Every structure is written in C-alpha cells, then in structure tokens.
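sequence and predicted structure below; questions after.
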Amino acid sequence: MRRPVVFAAALALVLGCVDIPTETRPEVIVALFDPSKGEVPEPNDLALVDGKVAIPVYDNLSSTENELKQSLNGRDGFSLGSSMTVRFSGALSGATLSTDSVLALDLGLLGEGAAPQRAEFHLRYDDCNHSIEIASPTGLSPGHTYLFAVRGGEKTDPAEPDAFRVKGKNGEPVVPSPAFHFLKAGKDLREHAYAFPGATLAERAALAEQLEAVRQRYEPLIQILEANGLPRRDVAILWTVTAQTGGEALADPERQAIPMPNDLLRNATTGKVELPIDPAEPEVQQELKRGLNDLDGFSTTGAFTVEFTRPLKFDDFAQKRLVRLYRADTLEEKTDLTVNLWPDGVRMSIEPQTPLLPDTHYVVVVAQLRDTATNTVTGMPLTQLLKLKHPLVADGQSQIASVCLETAQKLEPLRQQIQPVLDHIEGELPRDQIAAVWTFKTQDILSRIQALYETPYVKDLPLEVTIEKDQTPIEALMPLFQVKKILQGKMTTWDYLDPVTTAFRPNGQGELRQIDFVMTIPNVPKSKKVPVVVFGHGLLTERRLGLFIADKLAESGFAMMAIDFPLHGERSVCSADSDCEGGAVCAADRTCRKGGQKADFARISAIKFGDTSINFPSFGGWGKGTPICTGAKYVDLEHMVAARDHLRQTLVDISAQVRLLRKMDWTGATGGWSFDPEKVYYVGISLGGITGADMSAVDPHFKRMLLNVGGGGIIELLEDSATLGAVMKQGLKDKGITPERGVPEYETFRNAGHWIVDEVDPVNLIPYGNAAPRPYVDAETGEEKVMAPKALRLQMANGDAVVPNSATLRMLKASRLDKDTHFRAFDLATHAFLADPAEVPAHYQGLDDMAAFLKGEP
C-alpha cells in the first residue's frame, strides 16, 4: 500500500470538510501535523512505502529541504543517528520537557511483537523553530521501531508535577492539530462516510475507507501509550520511526561520534579548536584539551578516523580509492594514504604517508563501502546536509524547517568548502554513493614557530653576558689543543615555561631568565672576525657536551657556543627526593630544598649519553658535575603539552643565542675576539638535531646546519626507538593502555600526540629550511626580505638505538634534500658517535665530515 500518497491526499480533501475542532485559538499551542504539506514530525514512518523510504517532493518546501528528503529515499528505515523533531505553532516552556511529557518507547524489531520498553533519549527545546528535538545518546538500534508521543492537554490533577505535560511558554496547553485530532478520535470513520467530500456516496465511502486504514494504523499505538500511562485525550501528537538495518558512517554530534579531524570542532569566529572539556575528566586530559584548544587547526601527520555502525566488508580501500583526500582550494588529490580497518571492523584509520601542508583546508571523502551483510554503507543526517547541492541558508533564513538558523549558519561554510570537491568527482562518484564527507583545516605551524623565533627581538633582550670563568684548556684540565680559551657564563633569555607545570604560562606570559652557556675560542688572531657555531646538545646531557666537538671546530677556525636547553643542566628540575643532594627534598616548585633553603641537585661527575649510557671523562677542574636529573622531564609523555612546550622554549633560547652572537660586542667578554655576524652556523646532536631542523625554517642567519642523529615524525620516533620506545610503552601499560595499533585507547593517545607535537616536528619545518627563497619580515628592522635556502647536512648512525634510522630517513625525505649530497650514514656507529672518542673510526669520520661541511667543502 502506498500510504504516504494516499494519506496526504485524503487529509488534504477532508481537513476543511469535517466538523472537528480547529484549536487555532491564541491561548493554545498546536502540535503541527499536516502531511499534505510535509509538516509532520521527522523522521516518520509515514514515509515508508513497501518497507522503503519514499518521500515525495513538496511544492511548499525549499529546494534544499526537498533535496535532503529525496536523499533518504530507498533506505529500509531511518538513520541510527537520527534526531527526532516535532514542531509547534508557538513557543514552549523548555522546563516542561521530561520523560513524562515526552514519551519514547522502543517497540523492538518490526514484527517480533516484543513488549514496548522505555528508551533513553535526550530532550531539547529549540526556540528558533518552536521544536522539540529528541536524540539518542547511543543511537537507534538497527531495525527497531520507536514510538514517540507528546503529552498535552489541560491539567487534571492539582498534585500533577509541572513537567508532567508539555506547555507553552506562558503556560498555554498544547493540543493536537485538526488532522491529528481527527485520527485519534477512536471511531470507525467508515460509519461517518457522509461527512467526507465526494460527488457520490461511493466516492465518500472510498475516501472514508482510506482514512480508516490510516486511523487503524495509529489505533494500536494509542493503546500502547495508554498502557504506558498516556491516555488518548492527552496525546497531542505521536509518530513512529523505524531504524535502518544497513551500516552507516558515524556522524552523530549527540554522542560525540564524528569523523576526525573535523572543522565542526573549530570556532568559526576565532578559528580555534573547541574540544568540549568535561570538569569530571582527569586533570591531565583537561590539560591536553586546553592545549589543543589553543591551536587553529588539526594535525598534519596524524591519522583521520571514521567509525561505522556495522562491521565493514574488508576491501583494498586505498588502492580502489574508496577513501580520498583533496585540497579544498586546488582540488588536488593526495593519494599517498594508508587505510587500515581496525580489528573490530567498525573503525577505520586513514594516515597520510607524508605530512599535509600546514594552514590548509582538506576534504575527506569515503564512498562505495559495504558492510559484512553486503548492505551499502550510507551517510548519517549530518553527512547528508554537508553533501547537499543547495544552500542551507538563503536570505538570512534556514532552508530546512527542522534546522535552526544558527546551526545552518555553522554548517553552511563547511558545505561550501566541500561542494567544489563533490562537483569535481560527481562523474565518477555520485553523491548517493558517499558514506562520509568532512572537511578540516591543518594548524598554522610556521606562524607560531616564527613568533617564537621573534620573541628575543620583540622583548629586546639585553645584549650582555656575565662571564663567570675564563680559562685555558690547561686550566680547565681539558684536552682541547686547538682551543685558545674556554668561557663559562650566563646570558638572558625570555622564559615562557611555568616553573611548576613546565608548560607555557597562559596568555603569552613569561619572564627574563639567566641561563648558562659554555664557549670556546679558537687559536686565531684577535684581528680576525671569528665564524661561530651554535651547538645544540642531546637529550639527558647539557651544554658541555659541546666540548667534545670543540677541538675539531677550533682546528677549522670556528668558535663554539652552547647553552643548557630547558630542563637540562643548571635548568634541571627535580621530580623525586633522590634527584637532590643528601638530605634535601624535591619541593612543589621542582627545586631541591633543605631546611627551607634552596639546595643543590645530586650530581655526577660526567655526562651520560648514548645507547649504553657512556660515561665521558670527568670535567676535572671545570667545575660542578651534571645534575643527575638533567633532561629527565623534557620528554614528558604524561603531559604532552608541556613536552611540546619544552621544544618551543628551546627555539626561543636558540634565537636569543643567535641574536646575542650577532648583535653584541663580544670583545670585552672574550678578551679581544669578535664574531662574524654573517658566519653563524649550527651543529646539533640528537635533540639538538631535532631543534636545529626546526630552527632551519625560521632563522635566516644560519647559513649551514649540520644535524647529527636527529629524526622526524616524533611519535613514530618514540614508537620505534629501542630505548625511548620501551620506556613509553611500559608507561602506557602502567596506565592500562595496550600500546598496539588498532587498540582504540592507543590510537587516541597516538593521534593526540601527533596533533600536539606537530608544531615542533621536523617533518613539518625542515621543508622550509631547504625551500626556495621565500619572503619574510626581518624581526630586527621590520623590512621585507627574502630568506635563502640553507645548506643542510644530515648524519645518521647505522647502529642507532635511540633515534631509529627510520626517523632520520623520514626527516631526510621531508627535507627534499638530495641524499647523495646532503646525507651521510656511518657504519659501526651508535647514537653518541659524534661526541664519543671511543667510537672509532665513526667519531673521527663524523668530525671530519662536520668540519668539511661547515667550511663549504664537498
């Protein structure tokens, strides 16, 4: 039986001809119900014809709304992510919404005759269109039919609770529409055929027969409601919704299940990410979300994820281009995607094999999928809205009655971002085959790193140092035969790090801070301006690691300056009493205290560094040993925002160091030597190689940069590291997370890690270091200039157990450097080879390569 067409036509004929209450008085609110105009609660089983959705085109509806309704046709029910909506003739009191005033019953699978069960739904009143929205926090059950009803009418019991029945904003009773009043009358309409329109008695009888069929369909539902405490007289409106059985791609904001990353989670005004923060969440999770909410976009390296309501039939998703990624502006397709279906069959991850461009809009399309029952996988209502060809907003009005203007205005820019892509692929991939489509913007990485680089210039940091020790190598008991003198002192940086959380302070706050440095001067005449190398030390070491390459640099005429990176050396922080000297305790501010006074760290007389914690020779007369906790909190996996901020602060410090070397008059501090501001170079080991790659993107003053045992793809680096990876995985296990791909909790951790550290990941920044000349604004003068590509050299230890070779090669690939020219791999070398004289011959080969590169030799 083609019920919707018959039902609409019959009601259209009879509404003005039957003696029924119209209830159009201003003192009542009417539950709208007029199938002849498509004005019914939505979705609605009245649209089912022979078990399939078949919604006709309505002349009184907008092109947008008709397109949306037509896109649902052919399904065996409605989306599991449906929100049910019923509209009213006037404003309601949202305070009267309750499980008493709005009933939701699960009638079970169609035809099984299960006893109706109360179903859990969230209720919301939208004043914009005077509607009640009914949404499931878990989604509808496939194949189940749900009965919804609104309790209206007048109060009959003085003790009746206020929220027992829905009322108008000013207390008006809610009543049925004329059409619905007619259908719930409880009388056989065929007995009153004379009251219906028609030229003959036979025509009137036929019409009465049709309407009675509809009434009989509703009668059992009314009886179910009466059995559940809602009498016939109080039913203002009812309807049923049958959920489809075929699989869907989840796009259900009600249960926070949408494809990710997704611009639905960005504020349209500020551009910032807006992840909802639940005060009941653990503080560490809230902290992470606050950090993510400070970003203006999503990860360039992390996986995209989309979930489904039923397990998918496995397919070669990437090879068959069932999953596609397009740049929104150029419509260029990015094809180097790895698509994985998780073991549960309902989760899919999509990973770009190379980083996406920062500050760029992308569109993801997932199509032509089937579930394990061979059903075509379809899109949920949100997806259907985003696929529409017609606009959601026109002339300042929402074009869909059930969608408020505010929501339509939020979705319309996303629809407009998506439409050119869907139009572009329409010929090979029609819209009705698309199960999921969404858009997202990657975070603007370069601008944020540029701001960090500019900090010392903006803050106009003091161009002065304090020299605390001025020694010859002999006085320092250091075997540096090409070095004239060794200086130890302090310089000024701008410190954004909070001393307790070690993350950036809020709102860009910071303070001046003195940090330690070591400097070596080569044995060259004072009349010569000396080229200088900024040295970046490795994780868990400190500034004096630079002394182990200083002699080779001095042999080639280079000075060397190294600072303690954040949380290293004299900037270390304690995390346990054992980090402090005997009897001292680790206080809340991360400093060692004894008797209320600041105490020292426990120290070792040598630097421990490398795959096997190699002990370098003692510093002898140089001074204090290294804090035992140097760098221990730098890679803080429990507080990933802080871990990222440690790298960000390092970039500020290096920038301050370069500015100081170039702008300060060093003759007084060095005893007569000065530095060539046009010959500032960089050498970084491990962590120093990573930070150097980052600095290559923004500091125009580095001409040549040697990056030793650095790596890119920080999350993968940690995963694959034989040393760091074991620590990370054990830490996750201790928190109940199995560190394996496809485990939801681990995938969440992994993606959050990508998203947070992208800003400082070399794979996102080193491409700018080797980029074609690009314009920039000089931080000193404000002039527009052109930054020339830098000469870069990457060194890799084939036996590296700390930074895996895969990470170094990943950084090389991102740099787009010629491997034969700009890359060197060293056999029989471990992570510390460039600084460890015991690694023969790799140590000396590495130093020779470093010196030749810095001098511009092949």
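Ah, there it is.

quick check, pLDDT for Gly171.
At Gly171, the model reports a pLDDT of 94.

please renumber so the chain begins at 10
OK, 10 is where the count begins now, so the last one is Gly180.

for it, grab the count of nearby residues.
Using other CB atoms under 10 Å, Gly180 has 11 other residues around it. C-beta coordinates here come from the backbone N, C-alpha and C atoms, glycine included.

give me the domain ranges for this protein.
Per automatic domain parsing, the structural domains of the chain span 12-251, 257-452, 455-576+626-635+648-720+770-863.

in TSV, list the ones you listed along with distance to Gln606.
Output for the domains of the chain, formatted as TSV (distance: least, CB to CB, whole Å):
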stretch	distance to Gln606
domain 12-251	56
domain 257-452	31
domain 455-576+626-635+648-720+770-863	17
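
winner for burial among these?
Greatest average neighbour count among the domains of the chain goes to domain 455-576+626-635+648-720+770-863 (a mean of 20), per mean count of other CB atoms under 10 Å.

show me how far that domain is from its chain's centre.
31 Å (CA atoms, centre = their mean, to the nearest Å).

let me know which of the domains of the chain is the nearest to His763.
Nearest to His763, of all the domains of the chain, is domain 257-452, at 3.3 Å by CB to CB.

kindly check the end-to-end length of that closest one for me.
Domain 257-452 has an end-to-end distance of 29 Å (CA to CA, to the nearest Å).

pLDDT on it, on average?
For domain 257-452, mean pLDDT rounds to 95.

and what of stretch 598-618?
Here the average pLDDT along stretch 598-618 is 84.

then stretch 684-696?
For stretch 684-696, the per-residue pLDDT averages 98.

stretch 794-811 now?
On average, stretch 794-811 scores 96.

can you give me the end-to-end span of that stretch?
39 Å.

repeat that for stretch 797-816.
26 Å.

one more: stretch 339-347?
22 Å.

what's the nearest residue to Leu41 if we skip its chain neighbours?
Arg96 (4.7 Å; CB to CB, 6 or more residues apart in numbering).

let me fix that, I meant to ask about Tyr466.
Ala788 is the one closest to Tyr466 (CB to CB, 6+ apart), at 3.9 Å.

and that neighbour, that one's in a helix?
No - going by DSSP: H, G, I helix; E, B strand; the rest coil, the assignment for Ala788 is coil, not a helix.

what's near enough to touch it?
462-463, 466-467 (CB atoms under 8 Å, 6 or more residues apart in numbering).

could the residues you listed go into CSV alongside distance to Leu733 and secondary structure?
Below are the contacts of Ala788 laid out as CSV (distance: CB to CB, whole Å; DSSP: H, G, I helix; E, B strand; the rest coil):
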residue, distance to Leu733, secondary structure
Tyr462, 27, helix
Glu463, 31, helix
Tyr466, 34, helix
Val467, 34, helix
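
any idea how far Leu259 is from the residue positioned nearest the centre of the chain?
The chain has Phe307 as the residue nearest its centroid, 4.7 Å off, counting by CA atoms, centre = their mean. The gap separating Phe307 from Leu259 is 18 Å, by CB to CB, to the nearest Å.

also Gly566?
Counting by CB to CB, the gap from Gly566 to Leu259 is 63 Å.

could you do Ala403 as well?
Counting by CB to CB - Ala403 and Leu259 are separated by 29 Å.

does Val446 fall in a helix, a strand, or a coil region?
Per three-state DSSP, Val446 ends up strand.

hmm, it is touching Gln393, no?
No - applying CB atoms under 8 Å as the test, Val446 and Gln393 come out as separate, 9.9 Å apart.

for stretch 313-322, give me every contacting residue.
89, 148, 151, 255-259, 266, 268-270, 334, 350, 353-360, 373, 375, 378-384, 386, 445, 756, 760.

ok, now stretch 575-588?
For stretch 575-588, using CB under 8 Å, 6+ apart, the contacting residues are 506, 508, 511, 524-525, 546, 549-553, 573-574, 589, 593-596, 599-601, 610-611, 635-643, 655, 658-659, 662.

quick one: which of the residues you listed sit in helices?
Cross-referencing the contacts of stretch 575-588 against helices under DSSP state H gives 655, 658-659, 662.

pick the one among the residues you listed closest to Gly207.
Closest to Gly207, out of all of the ones in helices among the contacts of stretch 575-588 and judged by CB to CB, is His655, at 83.2 Å.

quick one, what contacts the closest one?
By CB under 8 Å, 6+ apart, the contact set of His655 is 506, 511, 574-576, 643-645.

what sits against the closest residue to Gln362 other than its chain neighbours?
Closest residue in space to Gln362, ignoring its immediate chain neighbours: Asp345 at 4.1 Å, by CB to CB, 6+ apart. Neighbouring residues of Asp345 by CB under 8 Å, 6+ apart: 361-363.

Gln295 now?
286-288.

6 Å instead?
Ile286 (CB atoms under 6 Å, 6 or more residues apart in numbering).

check the gap between it and Leu301 for me.
Gln295 is 11 Å from Leu301, by CB to CB.

identify the bridge partners of Val374.
Here Val374 sits in beta bridges with Arg333, Val446, going by DSSP bridges.

thought it was touching Arg333?
Yes - the pair Val374 and Arg333 passes the contact test of CB atoms under 6 Å, sitting 4.5 Å apart.

thanks a lot, catch you later.
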